[in-house]
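Asks: next come a sequence and a model predicted from it.
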Amino acid sequence: MSRQLSLYLTLYALFSLGASLNFTNSTLKSSATVHWLDGKPAYNFGTTFGLPWPKGQFPSNGTTFTAKTDSNEEIEVQSWVTGQWADGTVKWTGHAIPASEKTSGTYSVTAQNSPSRVTKRATNSIQSGSLVVTDATASITVDTGKLVVTFPKNGSALVETIQTASGKTIGTNGRLILQSQSGVADNSESRGNRSIDYFNFASKIQDVSVDSNSVRALVTVSGIHQVTDRGVHDDWLPFILRFYLYANSDSIRLVHSLVFDGAANQNFITGVGITFGVPLTGEEYYNRHVRIAGVDGGLLNEAVQGITGLRRDPGSAIRKAQFEGGLLPNVSTWSTTVSKAVQWIPTWGDYSLSQLSSDGFTLKKRTKAGQGWIKIPGGTRAGGLAYLGEITLWLYDPAAEPLDLRPYHDGLGEGAHNYTNQLAALDITYEDWEGGFNTPYGIARTSEIFIFGFEQTPPRKKLADLTEYINKPPVLVADPEHIHESKAIGTYWGLPANSSAQATAIEGHLDFLFKFYENQVEQRRWYGFLDYGDFMHTYDTDRHTWRYDIGGYAWDNSELSPDLFIWQYFLRTGRADVFRFAEALTRHSGEVDVYHLGDWKGLGTRHGVQHWSDSAKQARISQPQYRKYFYYLSGGDERVGELMDELLDVDKTYGLLDPQRKVRTDGWTPSPNSTVAFSLGTDWSSLAAGWLIAWERRGPRWEEAKAKLTSTMASIAKLKFGFVTGSGLYNLENSTLGPPPADLNNTGTVSVSHLSAVFGLPEVISEAIEYFGDDLPAGFKDAWLDYCYYFNATAAEQKARYGVSFGSLNLYQAHTRLAAYFAKEKGNTTVAARAWHDFFNTDGLLPGAPWNTTHVSGADALIAVDEASWFATNDVAQYGLAAIQNLALIPGGIS
């Protein structure tokens, strides 16, 4: 799955942009090896990766790390702790290695006790090896040894200059640009509507900081977009840019995050980009080379002033030098028939590439503004890299239609606050609409860009390799065996199992399901500025398409935790294709499906036709457990860490918005800064995950997070029926959790939902129980084990334990992993057998399902596609999780 970006490109230069538990000391393992996810890359420009460590072995304030290549050569490495066990020992670390001329196939990292503390990155100016960081009053300068980059601390320019080691300036005045308009024409006849205003904006810096060490410098620039010319418009669209620079590297990785904070019916984005200038004085036009990546490693190879293909021949050596991107011999050595007529050869000052869909890109060029564009043959999917001069990389291309974020319908007469009508509409389209809730205000988008600096035009092979680099940025990861053995990301998953025919069949089914969705992304064209990374919820068997236009059946928005399935599938397989898919899902679901501003900050939106259109704004969608895997594996991705920090106050949103407001019957209503009601499943699991992660990371609020987690777990244990109670009243002042409004005296009430345990609850609880160890609040594990046993128990067993049965439920296959957890913890082979029986014989995806696809073509479908109409994404997510966890927890019971 490649990263696709649209470009607008002008002129030429030597500059390029591309988009791109218990563990005893007797088994002490002090080293870990990482390998390249997609195989050894052609280049190593420096990288960051994460490693897990077993509990109780390496103190976080007294461990140092060293690194070696596969040839046993020691290299410089900078290390920091990203997560700690409860006892203060190292759980996860981040490591940065510098760029190198030779790339090792693997790297080994060794931990050793040391009196010096391992800390996060130092922030003072440092000089070590080739990396020099100068934090001055007006700017920050980073010298990698190959590039010198200056970042101003105010104004509009994010990057003042980029220079090579020789002192040559190859980039200047790097800044963000934004274009928008106040409305859109309803049809082509109204294109002359003079009431529409058009605006241009540039970045306005508000804060610049640097975290640096001997290997890596991270410069973070935050700000907002300010109007630059005609019209009046408030500053808007806050941004955060993170520039990653490594020692010895001539590459810069840039992570660009943007938050939408406008009114959707008055603000239509028409262009979002970053632009750089390049000094070209003194360079002849015929020595200014243009390279644009095309399809499958192809390149456009031209010069601003071409001397190939002319009526008169300048000489084969001259033509070859220009095609190869070299400096042409002095014009006096050319054939005089050409040298005397150079001034009559056009110079092409502007190049433009637009990738407006995943199916095709267009290319064109012109001599200068005011002259006509000349078409260049395009292709299917551009590589996303350009080697030019002054350049603007459009993350949202002005050649596209304005970004229209308005609601897709007007409410259909349901009534803004008429819950009766809204529930009736929900029953037919599965969309939970409510007036004023279908807003994109607060959603975000993150993109990734690479900048490469060159002294001279690089060979075509290198540019082709760099195109591969930006589409599959090299990633270092540990083997699944090491991650599993460390127990640092749970013990509820295991390595692939082929111990029996049934296990082998399940492994085949998991592979089938993943590959199906991977192929659907391409076949169904699930790409786009705000869509890439997500997939659809349910299929329409009559139209042979996913229900992209039917309420809650459209975009999935993490419904029933496909994020958890895909990440756990990667953990056990270590497959590159699975990692790329999961990474894209994490980037999308944490940004677009979640609010980052306003009263709903930290809440996500339920599945729908637009990622923000449903009125169910809930913590179950913003579940931080979905982001946890990528955060730790990446070495502590700063943007994902920032997203998880945003979720620490989600509990306060329950005082403003009741997730159960349309169906609540106990009379409770929300009030800010008071006692609030939430469920012990979908709500508490998300809150608990955030608190546990904050405790692990030891951020500024970790003690508060620990106290909230501990208090609520102890409170759940005190409820007469524990998790079976279903919900509780949470005190925002002291973080205690009491009985629900319908049972204030805690006499025991039963309220079990099939959804409670399918949004990360089993993973969060399993990790929390192991994390607390002997300090686990009394009674909590028993409360959870009760829920695990009784959900799939018989109605008679439920009634004998709780006085009533749980009623008519579903997702029994999904809940077999709870029974598997009970069986594992209790050593109960009878329950293990029951779990496998229910896995193979209740609901969900069963052995007798087709387990294949049907090819649809001709007049039955818009384009030829493969379909599997016998399941929905809910089925896939929960089958995958149940299969993975049952195989890990009760492998022996499968037969």
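Replies: Good, I have the coordinates. Owing to the predicted nature of the structure, the values given are computational and were not obtained by experimental measurement.
Asks: what ranges do the strands span in the stretch 451-600 of the chain?
Replies: With DSSP state E, counting those that start in this stretch, the ranges of strands along the stretch 451-600 of the chain come out as 476-478, 539-540, 545-546.
Asks: and these, which is most packed in?
Replies: strand 476-478 (a mean of 22; mean count of other CB atoms under 10 Å). Using the backbone N, CA and C atoms, a C-beta is placed for each residue, glycine as well.
Asks: what packs against that strand?
Replies: Applying 3 or more CB pairs under 8 Å, 6 or more residues apart in numbering; DSSP states H and E, one finds that strand 476-478 makes contact with strand 31-36, strand 47-52.
Asks: please identify the deepest-packed of the ones you listed.
Replies: Looking across these with neighbours counted as mean count of other CB under 10 Å, the highest average goes to strand 47-52: a mean of 24.
Asks: between strand 31-36 and that one, find me the angle.
Replies: Direction vectors for strand 47-52 and strand 31-36, defined by axes from the mean of the first three to the mean of the last three CA atoms, to 10 degrees, enclose an angle of 140 degrees.
Asks: and strand 47-52, what does it pack onto?
Replies: strand 31-36, strand 90-97, strand 476-478, helix 480-486, helix 625-633.
Asks: hmm, try it at 7 Å
Replies: Under the contact definition 3 or more CB pairs under 7 Å, 6 or more residues apart in numbering; DSSP states H and E, strand 47-52 sits against strand 31-36, strand 90-97, strand 476-478.
Asks: still on that earlier bit, wait, which of the helices and strands packed on strand 476-478 is closest to residue 538?
Replies: strand 47-52 (35.1 Å; CB to CB).
Asks: can you give me the offset of that closest one from its chain's centre?
Replies: Shown here is strand 47-52, whose average C-alpha point lies 17 Å from the average C-alpha point of the whole chain (CA atoms, centre = their mean, to the nearest Å).
Asks: got the CA positions of that strand in CSV?
Replies: What follows is strand 47-52, C-alpha atoms only, in CSV (Å, rounded to 0.1, in the frame of the first residue of the first chain):
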residue,chain,number,x,y,z
THR,A,47,16.1,5.5,11.6
THR,A,48,14.3,5.0,14.9
PHE,A,49,12.8,1.7,16.2
GLY,A,50,11.4,0.2,19.4
LEU,A,51,12.3,-2.8,21.5
PRO,A,52,10.5,-4.7,24.3
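Asks: leaving out sequence neighbours, find the closest residue to residue 373.
Replies: Closest residue in space to residue 373, ignoring its immediate chain neighbours: residue 364 at 4.3 Å, by CB to CB, 6 or more residues apart in numbering.
Asks: pLDDT at that neighbour, what is it?
Replies: On the pLDDT scale, residue 364 is placed at 98.
Asks: list the buried residues for the host helix or strand of it?
Replies: Residue 364 is part of strand 360-366, with elements assigned from DSSP states H and E. For strand 360-366, a neighbour-count test (16 or more other CB atoms under 10 Å) marks 361-363, 365-366 as buried.
Asks: what of stretch 405-421?
Replies: The neighbour-count check on stretch 405-421 (16+ other CB under 10 Å) flags 405-407, 411, 414 as buried.
Asks: just put the helices and strands packed on strand 476-478 in JSON lines and tack on distance to residue 178.
Replies: Converted to JSON lines, these look like this (distance: least, CB to CB, whole Å):
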{"stretch": "strand 31-36", "distance to residue 178": "37"}
{"stretch": "strand 47-52", "distance to residue 178": "29"}
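Asks: residue 61: which of the ones you listed is closest?
Replies: Going by CB to CB, the one of the helices and strands packed on strand 476-478 nearest residue 61 is strand 47-52, 17.9 Å.
Asks: the helix or strand following the closest one: partners in the sheet, and parallel or antiparallel?
Replies: From strand 47-52 onward toward the C-terminus, using DSSP H and E, the following helix or strand is strand 63-69. Sheet pairing of strand 63-69 (DSSP bridges) gives strand 74-75 (antiparallel), strand 106-113 (antiparallel).
Asks: give the rounded mean pLDDT of the shortest one.
Replies: For strand 74-75, mean pLDDT rounds to 97.
Asks: if we can go back for a sec, my read: the residue nearest to residue 373 touches residue 352, true?
Replies: Yes - here residue 364 reaches residue 352: they are 5.2 Å apart, a contact under CB atoms under 7 Å.
Asks: elements contacting the strand holding residue 364?
Replies: strand 350-357, strand 374-379.
Asks: again, only this time at 10 Å
Replies: With contacts defined as 3 or more CB pairs under 10 Å, 6 or more residues apart in numbering; DSSP states H and E, strand 360-366 has these neighbours: strand 6-10, strand 289-293, strand 299-303, strand 350-357, strand 374-379.
Asks: among those, which is nearest residue 180?
Replies: Closest among the helices and strands packed on strand 360-366, once you apply CB to CB, is strand 6-10, at 16.5 Å.
Asks: now the helices and strands packed on strand 476-478 in CSV, with mean pLDDT?
Replies: As requested, these are exported to CSV (pLDDT from 0 to 100):
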stretch, mean pLDDT
strand 31-36, 98
strand 47-52, 98
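Asks: among those, which is nearest residue 452?
Replies: The closest of the helices and strands packed on strand 476-478 to residue 452 is strand 47-52. By CB to CB, the value is 14.9 Å.
Asks: just checking: what are the partner strands of that closest one?
Replies: Strands that pair with strand 47-52, judged by DSSP bridges, come out as strand 90-97 (antiparallel).
Asks: ok, back up a step: can you redo the strands of the stretch 451-600 of the chain as CSV with distance to residue 265 and mean pLDDT?
Replies: CSV is the format used below for the strands of the stretch 451-600 of the chain (distance: least, CB to CB, whole Å; pLDDT from 0 to 100):
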stretch, distance to residue 265, mean pLDDT
strand 476-478, 45, 98
strand 539-540, 30, 98
strand 545-546, 28, 98
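Asks: any chance of TSV for the ones you listed, columns distance to residue 577?
Replies: Formatted as TSV, the entries for the strands of the stretch 451-600 of the chain read as follows, by distance: least, CB to CB, whole Å:
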stretch	distance to residue 577
strand 476-478	13
strand 539-540	23
strand 545-546	21
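Asks: which of the ones you listed sits closest to residue 389?
Replies: Comparing those by their distance to residue 389 (CB to CB), the top pick is strand 476-478, with 33.9 Å.
Asks: before we move on, the earlier item: closest one to residue 443 among the helices and strands packed on strand 47-52?
Replies: Of all the helices and strands packed on strand 47-52, strand 90-97 comes closest under CB to CB, at 28.0 Å.
Asks: using PDB, list the CA coordinates for that closest one.
Replies: As requested, the backbone C-alpha atoms of strand 90-97 are provided in PDB (Å, rounded to 0.1, in the frame of the first residue of the first chain):
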ATOM      1  CA  VAL A  90      12.400  -1.000  31.400                       C
ATOM      2  CA  LYS A  91       9.500  -2.300  29.300                       C
ATOM      3  CA  TRP A  92       9.900  -0.600  26.000                       C
ATOM      4  CA  THR A  93      12.800   1.500  24.600                       C
ATOM      5  CA  GLY A  94      13.300   3.700  21.600                       C
ATOM      6  CA  HIS A  95      16.600   3.700  19.700                       C
ATOM      7  CA  ALA A  96      17.900   5.900  17.000                       C
ATOM      8  CA  ILE A  97      20.900   5.000  14.700                       C
END
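Asks: now that strand: buried residues?
Replies: By neighbour count, and taking 16+ other CB under 10 Å as the criterion, the buried residues in strand 90-97 are 90-97.
Asks: can you tell me the average pLDDT over it?
Replies: Per-residue pLDDT over strand 90-97 has a mean of 98.
Asks: related to what we said a few turns ago, how far off strand 374-379 does the strand holding residue 364 point, in degrees?
Replies: Using the same axes, to 10 degrees, strand 360-366 lies at 160 degrees relative to strand 374-379.
Asks: and strand 360-366 with strand 350-357, angle?
Replies: 160 degrees.
Asks: if we can go back for a sec, the strands of the stretch 451-600 of the chain: which one's closest to residue 236?
Replies: Of all these, it is strand 545-546 that lies closest to residue 236, at 33.6 Å by CB to CB.
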